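**Q** Quick one, structure for this:
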Amino acid sequence: MAEPNPVPQSAESSAEAAAVHIVYTEKPAENEEPEGYHIRTLAAVLGSEDAAKEALLYSYKSAASGFSAKLTPNQVTQMSSQPGVLQVIPSRTVQLHSGPGRHSGPGNLHM
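**A** This next block holds a predicted model:
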């Protein structure tokens, strides 16, 4: 009896799943644009500026220095050891509820 042919895995199912993470970085030098610094930091892990620009979701410049990007678990590990990276945490959304008598309704807070 012949064995059945194995079902090929799609590239998506065999690849690590990417999830949104917030990467906190040191403040860039005064002469460097924050987004450029963030792209350069991300490119060091992803291999190119084009890949970094595609993965970058938002660049934080005011209250904190950092960015959000879609990263696989392996990329999170690599990013954590990059110079200037302070912390890499998963992004999460929490549901906010208003108190009694308030009509503002529920909202989302991204953390």
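
**Q** Could I get the buried residue list for stretch 43-53?
**A** Going by neighbour count (16 or more other Cβ atoms under 10 Å), the buried part of stretch 43-53 is 43, 45-46, 52. C-beta coordinates here come from the backbone N, C-alpha and C atoms, glycine included.

**Q** Filter the residues you listed down to the ones in helices?
**A** Of the positions in the buried residues of stretch 43-53, 43, 45-46, 52 sit in helices, assigned by DSSP state H.

**Q** The closest residue to Ala69 other than its chain neighbours: neighbour count?
**A** Nearest non-adjacent residue to Ala69, counting by Cβ to Cβ, 6 or more residues apart in numbering: Ala55, 4.5 Å away. Residues lying near Ala55 (other Cβ atoms under 10 Å) number 20.

**Q** wait, Ala55 sits on Lys70?
**A** Yes. Between Ala55 and Lys70 there is a contact at 5.2 Å, judged by Cβ atoms under 8 Å.

**Q** ok, back up a step: among the ones in helices among the buried residues of stretch 43-53, which one sits closest to Ala18?
**A** For these, the residue nearest Ala18 by Cβ to Cβ is Leu46; the value is 10.5 Å.

**Q** mind checking how far the residue nearest to Ala69 is from Pro28?
**A** To Pro28, Ala55 is 19 Å away according to Cβ to Cβ, to the nearest Å.

**Q** before we move on, back to that, for Ala55 and Lys70, list the residues in contact with both.
**A** Common neighbours of Ala55 and Lys70 (criterion: Cβ atoms under 8 Å, 6 or more residues apart in numbering): Ala18.

**Q** Please consider this matter closed, and thank you.
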